[in-house]
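> what follows is a protein structure lacking sequence information:
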């Protein structure tokens with residue numbers, strides 16, 4: 001239900017054909033969400049080396065040689081040392097081996113700062129960089145033990161008041177705004193626009209042009225049950241956009257003008273989308289393509305939707321390139337003669353992340369049922385799978401909603417009543 005306020009006093013006084021209006025609408029919800037507790041996780045450490053054993057061994061050997069050359073008897077309190085030889089054949093060394101490597105680093109640091117000759121200090125500093133390079137290449141990840149989490153049930157409630165205004169100038173341009181208040185008189189999520197035959201220019205809190213037209217899957221539950229039907233568009237925080245529609249084809253372009261610490265200040269920061277909608281044999285069909293580039297990361301997306309009668313089907317696909325791959329660089333041997341040192345750099349694949357999903361909804365009078373599935377796939381990482389099923393029953397102004405979601409092996413149940421006024 002919407003309540004409309006007509007801003008007519010000044011317009012009538014001017015005898016102008018232009019008009020403006022403000023609409024106020026609201027939504028609210030009450031419900032419960034139960035989330036399954038996660039299983040206990042044991043503590044562990046993972047050391048990720050290069051996939052090429054030879055590159056790692058060569059770099060490590062150079063560091064070990066540098067250690068013996070610079071530290072062995074060269075400075076007060078420093079003595080030569082050895083490291084577990086298995087580290088040169090094991091591409092994923094254990095914690096003890098990494099501790100030894102860290103001790104080598106500490107000894108070299110000591111040699112460079114405690115009374116050694118100038119030559120020894122200079123060489124030791126180069127060797128220290130070499131050891132640091134090897135340590136950096138381990139990409140060590142330490143995971144603390146996590147106790148089993150209990151199932152939780154929480155109440156979900158929200159009130160949201162939405163304001164929208166629109167008007168038309170004497171020349172036929174349309175302008176307007178939207179804003180909302182959540183639980184209070186604080187307005188968030190506002191945007192403004194002006195449109196005409198040239199298209200529509202918008203500013204404010206906008207989704208990216210790709211998300212606007214490609215979209216997401218249909219969700220379930222009173223509060224979304226974790227909203228796992230949504231795709232992680234990297235362009236979701238843009239603040240200026242242009243869109244136009246003609247002959248069944250829509251186009252949208254957005255960007256984010258720098259406005260804070262979280263905005264992208266280097267590289268590209270744009271998103272585009274294009275969509276065709278039309279009737280095919282009695283079914284409404286929509287096909288959309290989108291792309292965005294934030295910094296050096298590119299994301300491509302597409303969707304296709306079909307609706308006929310009470311049946312709606314939508315498929316969405318995303319590919320995120322996660323940025324360019326980083327090539328491995330092997331540390332050069334360093335000696336007192338001044339051989340140029342090159343710090344070791346580990347290879348980073350930055351593999352693409354592919355996400356695909358499908359949702360199906362069917363409406364029957366006051367009741368509708370919805371199901372969806374979505375999978376995230378990245379090379380070298382276990383797939384993440386999400387699926388959900390739910391129903392709604394419209395009671396006239398109030399809608400009963402329930403949903404069950406399997407969020408990558410964590411169960412979520414979401415039940416409640418949503419209101420509109």
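All right, it came through fine. None of these values were measured; they are calculated from a predicted model. Numbering: from 1, shown residues only.
> contacts, neighbours, all on C-alpha from now
Will do.
> where does residue 274 sit, in terms of helix or strand?
Element membership for residue 274, per DSSP states H and E: strand 268-280.
> parallel or antiparallel, list what pairs with that strand.
strand 249-255 (antiparallel), strand 283-295 (antiparallel) (DSSP bridges).
> which element follows the last one toward the C-terminus?
Translated: strand 283-295. Immediately after strand 283-295, counting by DSSP H and E, sits strand 297-308.
> where in the chain is the helix or strand with the lowest mean pLDDT?
Within the chain, no helix or strand scores below helix 9-13, which has a mean of 38 by mean pLDDT, DSSP states H and E.
> how about TSV for the strands paired with strand 268-280, with distance to residue 42, mean pLDDT and mean neighbour count added?
Below are the strands paired with strand 268-280 laid out as TSV (distance: least, Cα to Cα, whole Å; pLDDT from 0 to 100; neighbours: other Cα atoms under 10 Å):
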stretch	distance to residue 42	mean pLDDT	mean neighbour count
strand 249-255	44	96	22
strand 283-295	37	94	21
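> let's have those in CSV, adding distance to residue 411.
Shown next, in CSV, are the strands paired with strand 268-280 (distance: least, Cα to Cα, whole Å):
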stretch, distance to residue 411
strand 249-255, 36
strand 283-295, 32
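> for residue 145, find the nearest of those.
Minimum separation from residue 145 across the strands paired with strand 268-280 (Cα to Cα) falls at strand 283-295, 35.3 Å.
> who does the helix or strand where residue 211 lies touch, helix- and strand-wise?
Assigned by DSSP H and E, residue 211 belongs to helix 209-214. Counting contacts by 3 or more Cα pairs under 8 Å, 6 or more residues apart in numbering; DSSP states H and E, helix 209-214 is packed against strand 249-255, strand 268-280, strand 283-295, strand 297-308.
> change it to 6 Å
strand 249-255, strand 268-280, strand 283-295 (3 or more Cα pairs under 6 Å, 6 or more residues apart in numbering; DSSP states H and E).
> closest one to residue 316 among the strands paired with strand 268-280?
strand 283-295 (9.3 Å).
> what residues does that closest one touch?
The list of residues contacting strand 283-295 from outside it, by Cα atoms under 6 Å, 6 or more residues apart in numbering, reads 210, 214, 266-278, 298-308.
> for residue 253, what are its contacts?
So residue 253 contacts 209, 241, 242, 271, 272 (Cα under 6 Å, 6+ apart).
> quick check, the second one in contact with residue 204.
No - Residue 241 is beyond contact range of residue 204, at 9.0 Å (criterion: Cα atoms under 6 Å).
> quick check, residue 155 in contact with residue 35.
No - using Cα under 6 Å as the test, residue 155 is too far from residue 35 to be in contact (11.6 Å).
> between these two, which one's more packed in?
Between residue 155 and residue 35, counted using other Cα atoms under 10 Å, residue 35 has the larger neighbour count: 20 against 12.
> can you tell me the SS state at the closest residue to residue 39 other than its chain neighbours?
Nearest residue to residue 39, sequence neighbours excluded (Cα to Cα, 6 or more residues apart in numbering): residue 148, at 4.8 Å. Taken by DSSP: H, G, I helix; E, B strand; the rest coil, the conformation at residue 148 corresponds to coil.
> how many other residues sit next to residue 148?
11.
> please apply the same query to the one 10 residues further on.
Other residues near residue 158 number 13, with proximity taken as other Cα under 10 Å.
> so it versus residue 413, what's the distance?
18 Å (Cα to Cα, to the nearest Å).
> one step back: with residue 174 as the reference, name the closest of the helices and strands packed on helix 209-214.
Closest to residue 174 of the helices and strands packed on helix 209-214 is strand 249-255 (Cα to Cα; 17.9 Å).
> list the contacts for residue 391?
Residues in contact with residue 391, defined by Cα under 6 Å, 6+ apart, are 368, 369, 401, 402.
> what's the farthest-apart pair in those residues?
Farthest pair in the contacts of residue 391, by Cα to Cα: 368 and 402, 10.9 Å.
> so for the residue nearest to residue 420 when sequence neighbours are not counted, what's the pLDDT?
Nearest non-adjacent residue to residue 420, counting by Cα to Cα, 6+ apart: residue 27, 4.5 Å away. Note on residue 27: pLDDT of 91.
> can you list the residues that contact stretch 143-159?
Applying Cα under 6 Å, 6+ apart, the contact partners of stretch 143-159 are 27-44, 182-183.
> buried subset of those?
Among those, those classed as buried by 16 or more other Cα atoms under 10 Å are 27, 28, 29, 30, 31, 32, 33, 34, 35, 36, 182.
> among these, which are located in strands?
Those of these mapping onto strands are 27, 28, 29, 30, 31, 32, 33, 34, 35, 182, per DSSP state E.
> contacts only, for the last one.
Under the criterion of Cα under 6 Å, 6+ apart, the contact list for residue 182 reads 159, 160.
> go again with 7 Å.
159, 160, 161 (Cα atoms under 7 Å, 6 or more residues apart in numbering).
> how about the second one, nearest residue that isn't a chain neighbour?
Residue nearest to residue 160 in three dimensions, not counting chain neighbours: residue 182, with 4.6 Å by Cα to Cα, 6+ apart.
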